[in-house]
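In: Below is the sequence, then the predicted model.
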2 protein chains.
Amino acid sequence: MSSSISPLAPKSYADMPVIRGVRMATAAAGIKYKNRTDVLLMAFDKPASVAGVFTRSKCPSAPVDFCRKNLAAGVARGVVVNSGNANAFTGIKGRAATELTAKSAAAALGCDESEIFLASTGVIGEPLDATKFSGVLGQMAQDGTGDFWLEAAKAIMTTDTYPKVATHSAKIDGVTVTINGIAKGAGMIAPDMATMLSFVVTDADIAAPVLQSLLSAGVEPSFNSMTVDSDTSTSDTLMLFATGAAAEDGQRRIETADDAALSGFRDALNALLKDLAIQVARDGEGATKMLEITVTGAESDAAAKTIALSIANSPLVKTAAAGEDANWGRIVMAVGKAGEAADRDRLAIWFGDVRVAVNGERDAGYSEEAASNVMKGQDIPVRVDLGLGNGSATVWTCDLTKEYVAINGDYRS
Amino acid sequence: MSSSISPLAPKSYADMPVIRGVRMATAAAGIKYKNRTDVLLMAFDKPASVAGVFTRSKCPSAPVDFCRKNLAAGVARGVVVNSGNANAFTGIKGRAATELTAKSAAAALGCDESEIFLASTGVIGEPLDATKFSGVLGQMAQDGTGDFWLEAAKAIMTTDTYPKVATHSAKIDGVTVTINGIAKGAGMIAPDMATMLSFVVTDADIAAPVLQSLLSAGVEPSFNSMTVDSDTSTSDTLMLFATGAAAEDGQRRIETADDAALSGFRDALNALLKDLAIQVARDGEGATKMLEITVTGAESDAAAKTIALSIANSPLVKTAAAGEDANWGRIVMAVGKAGEAADRDRLAIWFGDVRVAVNGERDAGYSEEAASNVMKGQDIPVRVDLGLGNGSATVWTCDLTKEYVAINGDYRS
């Protein structure tokens, strides 16, 4: 784990309001280390609507399997999240550990095991001793408090150097609702699903299928447009819960995804997901620079995203960023290898506002000094125009530094 | 450029015999630096048969475009290779530079421009001043010598820390023929085409279409199964020339790819291509470890290769190798993200002879110490069995170290 905070960390954390209907508590269950906070319980006072998106790995963790099964009913009473052990690639023992954890949580909350959701993060392949949860979950259920978001975000950190929190509000039929979210993740981060662990809760009263529709759409331009190292975790989990407490203020329950009253909520949710995703990218292991890569003029939005991710995942682009080198030749390389349509002689490339290449060659008016100045900043906007069509996409990533190698060359020890 | 030789460099270089019908010379044309050898000329005494495979980048370099055009006729009299400038993403100027270079070379060799082949390696996006070649090619054509393979391999190095040479021989209808090859490449190396620059010459008498068939097949399990950093160059070029001089010894000219007399030659060529490809992987920028990754039990050979490359390109697998960490959880992750069929609960994983996981969980008899000992070696065999079918593939890569970041964070300066 890194000892210093990412230079890209936010200057301050959002002031997280209480969301009615959810309480949280943390404990030190001794999963991997003694006396280190390693378990988070989120408890819903009443059954909450729930939606989720998960890793598309063919080798998902046991908790991912467990959540997928329970998601069908769309009802949540509790979430147990632990760090220190991912309970992934743990075979039959892994399934047994999820069942025992759910049983303990259900007993603590007085609900059914099918209303419990689980997430684990940490080392892969080590059996998780779930008996350790049974000793702490009862007390946690009693201790839960609503004013606990920053602490909750801290509790699920692994190689993260700062906690990720975000809050947004919106109106549904004139009633104000709030959305809070937390996330963790710094390595083994790549799109192709929800990427890392993130839990979002709103007091809005929204049916589970509607939540799922909102979440599935919202994840694409946020978490699925963010990459640290192209490595997709076995455990990626993004869940959205709606406690429905805003019904007390007269909010009409939303039952269909095309309800016009959802417009503001959808925007707020999407802004929150993007906010959290970018916070994760900014805490990429060893990161010193943040790259926002926009591709325009592609044949389609999907093609633009493929090309943008090819740039974002290129070790040569990322090491150049670390070295503050305006090496646009490597951008050309990454466009070329993406496999999508590209016409070399129509390409234009910008770092910030500095156009470095146009019509397939170096921009005659290009100033190396101006481009270098962009590279010296913490936030580096890169834009590529393909000149072929109207497809566009934006993705976020961080640079690749010696510190990334150091962190990941010695993680298990 | 790195100042020290890769720890994975060969202990000695192959003793390269002369191949009748080809002569080589080098010169310092001042492409990027003064007084540094930066041009290689290969000249064929008589028209040679030629085959080539090139980068699949959508933004190929001007020399790649030029070679593809000339390859149709299948006849070569000369090859000009320069370092210092890739002549890639140089627009109309790039095409003009290839035409001027070919014109100078054709004049020096007394042949047609359509019989000239070109390759450039170095910085992308900088115009190449091809007038610099015209001053040196005439003298080079006169100076050419057959006993020059190691020098030729040295002349095309960029960030390489050692020259790559290989030689093999075979019999065609009882007549001994020789195959020599040189290669360069250390970064921006990934499969999906020929990968880097490599030139192979034989004195066998083989028609161009047959050579192309042999080369296209041979590149798959060799250069296209090797990756350093997943970044595909705009300039990758692998060419095979046959001078036909063995006809003087009575070798019957081979006109069809299914000629049974080719069997030994095909084996020798494939062995040489694999030899060169592995030499390139062993000189991966910053490499301290060589990984040979074999996937068995996949649904098909293609699926096995996709999974093997997912492992080989994973930054987390490669940093773990650098840290001598037998982190098989990251192997599971890379299998899972590859997108091919995998059943978590049938997976088995070995480092060397040490089986660390079986039936989807940690091997009960697994010794961390034994696995760690494998990781301490320079050569690390990794095997994954999927337990699904008969598909298999082997790929090669190196580890990801701080030195890779250092080399690539400051390459242009």
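Out: In hand now; what should we look at? Residues are numbered from 1 along each chain as shown, chains lettered A, B, ... in the order given.
In: And the helix or strand bottoming out on mean pLDDT in chain A, what does it pack against?
Out: Scoring the helices and strands of chain A by mean pLDDT, DSSP states H and E places strand A:226-227 at the bottom, with a mean of 78. Strand A:226-227 sits against helix A:263-282, strand A:391-398, with contacts defined as 3 or more CB pairs under 8 Å, 6 or more residues apart in numbering or on different chains; DSSP states H and E. All C-beta atoms are positioned from the backbone trio N, CA, C, and that covers glycine.
In: packing partners for the helix or strand just after the last one?
Out: I take that to be strand A:391-398. With elements assigned by DSSP states H and E, the helix or strand that comes after strand A:391-398 is helix A:402-408. If you count contacts as 3+ CB pairs under 8 Å, 6+ apart, helix A:402-408 packs onto helix B:315-322, helix B:402-408.
In: Going by mean pLDDT, which of the ones you listed comes out lowest?
Out: Note on those: helix B:402-408 shows the lowest mean pLDDT, a mean of 83.
In: re earlier: the helices and strands packed on helix A:402-408 into TSV, with extra columns for mean neighbour count?
Out: Output for the helices and strands packed on helix A:402-408, formatted as TSV (neighbours: other CB atoms under 10 Å in any protein chain shown):
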stretch	mean neighbour count
helix B:315-322	27
helix B:402-408	23
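In: now those helices as TSV including distance to B:Ala96?
Out: Shown next, in TSV, are these (distance: least, CB to CB, whole Å):
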stretch	distance to B:Ala96
helix B:315-322	40
helix B:402-408	30
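In: Let me know which of those is the nearest to B:Tyr13.
Out: Nearest to B:Tyr13, of all the helices and strands packed on helix A:402-408, is helix B:402-408, at 23.1 Å by CB to CB.
In: quick one: the strands in the stretch 301-413 of chain A?
Out: A:348-351, A:354-358, A:361-362, A:379-385, A:391-398 (DSSP state E, counting those that start in this stretch).
In: Show me what the last one is packed against.
Out: The reference is to strand A:391-398. strand A:226-227, helix A:263-282, strand A:290-298, helix A:301-312.
In: Relative to it, what are the paired strands and their orientations?
Out: Neighbouring strands of strand A:391-398 in its sheet, by DSSP bridges, are strand A:226-227 (parallel), strand A:290-298 (antiparallel).
In: Now do the last one and helix A:263-282, the angle between them.
Out: Going back to what we said before, that points to strand A:290-298. Here the directions of strand A:290-298 and helix A:263-282 differ by 120 degrees (axes from the mean of the first three to the mean of the last three CA atoms, to 10 degrees).
In: Give me the contacts around strand A:290-298.
Out: Strand A:290-298 is contacted by residues A:8, A:278, A:281-282, A:304-305, A:307-308, A:311-312, A:317-318, A:321, A:340-341, A:346, A:378-399 when judged by CB atoms under 8 Å, 6 or more residues apart in numbering or on different chains.
In: Make a ChimeraX selection of the buried ones in those.
Out: In ChimeraX, a selection of the buried entries from these looks like this (16 or more other CB atoms under 10 Å in any protein chain shown):
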select /A:8,278,281,282,304,305,307,308,311,312,317,318,321,340,380,381,382,383,384,385,386,387,388,391,392,393,394,395,396,397,398,399
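In: And the helices and strands packed on helix A:402-408: which comes nearest B:Lys32?
Out: Of these, nearest to B:Lys32 by CB to CB is helix B:402-408, at 17.0 Å.
In: show me the contacts for the nearest residue to A:Ser57 once chain neighbours are set aside.
Out: Among residues not flanking A:Ser57 along the chain, B:Gly336 sits closest, at 3.3 Å (CB to CB, 6 or more residues apart in numbering or on different chains). B:Gly336 is in contact with A:55, A:57-60, A:232, A:234, B:342, B:344, counting by CB under 8 Å, 6+ apart.
In: pLDDT of the lengthiest strand in chain A, averaged?
Out: Secondary structure of chain A per DSSP state E: the longest strand is strand A:39-54. In this model, strand A:39-54 carries a mean pLDDT of 96.
In: Can you mark which positions in that strand are buried?
Out: Here strand A:39-54 shows A:39-45, A:47-54 as buried, counting by 16+ other CB under 10 Å.
In: Return the member of the residues you listed nearest to chain B.
Out: A:Phe54 (11.9 Å; CB to the nearest CB).
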